[in-house]
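A.B. asks: curious how this folds, go ahead:
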Amino acid sequence: MAVGRMVIALAVMVVVCGLSMRMAAGDGASTQPSTRPDVPAVLNFTMTSLAGQPVDLGQYKGKVVLIVNTASFCGNTPQYAPLEAVNEKYKDQGLAIIGFPCNQFGSQEPGTAEEISTFCTTKYNVKFDMFAKIEVNGDGACPLYKLLTGTDTDPKNAGPITWNFEKFLISRKGEIVARWVPKTQPDSPAVIKAIEAELAKS
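C.D. replies: Purely as a prediction, here's the structure:
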């Protein structure tokens, strides 16, 4: 009996330690509430901000949302500048840009949440909402990105994220209306036209 209790205690310690390490890493773990029928599925998550606080994505309900996976040491990193410019131009019209740092592509986002925050604010004066580092592909992908890339959600554009700064445009109704490859600039005519078209809808 004593041996059995020791085994159980050790198992509990392993689980608790694993959860504690995950929370300390600020990995942006997300959950999908089951009692939110009024919130679109793509916004039915609670994510962790760069400051380590839980953020209900349901707060973006009714807005046009541009979701971007980001990195600090990528050839596409300068896109932070046009992203912030687009944010400043359209935020009062109902646009919300939200960024999710990811280290899965070339290990180009190795920093801590504090380092990422400092980089974004000092280098590019980013003011749009940034979240804790997550995985966007594979078994460890956060549920939000599993939904964004899944065939059930968007059969036409489904598939894994290809690199840093891939972009999803979400309508006011919570539908994925566009997806752009990483090299597409946030202020390109195609992106701006799509954003303006969605903002014009009630």
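A.B. asks: what's the local residue count around G140?
C.D. replies: G140: 10 surrounding residues under other Cβ atoms under 10 Å. All C-beta atoms are positioned from the backbone trio N, CA, C, and that covers glycine.
A.B. asks: A strand includes it, no?
C.D. replies: No - under DSSP: H, G, I helix; E, B strand; the rest coil, G140 sits outside any strand and is assigned coil.
A.B. asks: give me the pLDDT value at it.
C.D. replies: Here the pLDDT value assigned to G140 is 96.
A.B. asks: what about it, distance to Q104?
C.D. replies: Using Cβ to Cβ, to the nearest Å, G140 is found at 9 Å from Q104.
A.B. asks: quick one: low-confidence ranges for the chain?
C.D. replies: The chain contains residues with pLDDT under 70 at 1-35.
A.B. asks: okay, helices next: where are they in it?
C.D. replies: Secondary structure of the chain by DSSP state H: the helices cover 2-25, 80-90, 113-124, 143-149, 189-199.
A.B. asks: send me the fourth one as PDB with only the CA atoms.
C.D. replies: Read that as helix 143-149. Taking Å, rounded to 0.1, in the frame of the first residue of the first chain, the C-alpha atoms of helix 143-149 are listed here in PDB:
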ATOM      1  CA  PRO A 143      -6.700  25.000 -30.500                       C
ATOM      2  CA  LEU A 144      -7.100  28.400 -32.100                       C
ATOM      3  CA  TYR A 145      -4.700  27.600 -34.900                       C
ATOM      4  CA  LYS A 146      -6.000  24.100 -35.200                       C
ATOM      5  CA  LEU A 147      -9.400  25.700 -36.000                       C
ATOM      6  CA  LEU A 148      -7.900  28.300 -38.300                       C
ATOM      7  CA  THR A 149      -6.100  25.800 -40.400                       C
END
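A.B. asks: how far is that helix from where the chain is centred?
C.D. replies: Mean-position distance between helix 143-149 and its chain equals 9 Å (Cα atoms, centre = their mean, to the nearest Å).
A.B. asks: and that helix, what does it pack against?
C.D. replies: Applying 3 or more Cβ pairs under 8 Å, 6 or more residues apart in numbering; DSSP states H and E, we find helix 143-149 packed against no helix or strand.
A.B. asks: over to the third one?
C.D. replies: Helix 113-124 is packed against helix 80-90, strand 129-130, with contacts defined by 3+ Cβ pairs under 8 Å, 6+ apart.
A.B. asks: could I get those as a markdown table with distance to K173 and mean neighbour count?
C.D. replies: Shown next, in a markdown table, are the helices and strands packed on helix 113-124 (distance: least, Cβ to Cβ, whole Å; neighbours: other Cβ atoms under 10 Å):
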| stretch | distance to K173 | mean neighbour count |
| --- | --- | --- |
| helix 80-90 | 18 | 18 |
| strand 129-130 | 20 | 21 |
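A.B. asks: who wins for proximity to Y60 among the ones you listed?
C.D. replies: Across the helices and strands packed on helix 113-124, Y60 has its closest neighbour in strand 129-130 (8.8 Å, Cβ to Cβ).
A.B. asks: the closest one packs against which elements?
C.D. replies: If contacts are counted by 3+ Cβ pairs under 8 Å, 6+ apart, strand 129-130 sits against strand 95-101, helix 113-124.
A.B. asks: who's in contact with that strand?
C.D. replies: Strand 129-130 is contacted from outside by 49-50, 55, 70, 96-101, 116-117, 120, using Cβ atoms under 8 Å, 6 or more residues apart in numbering.
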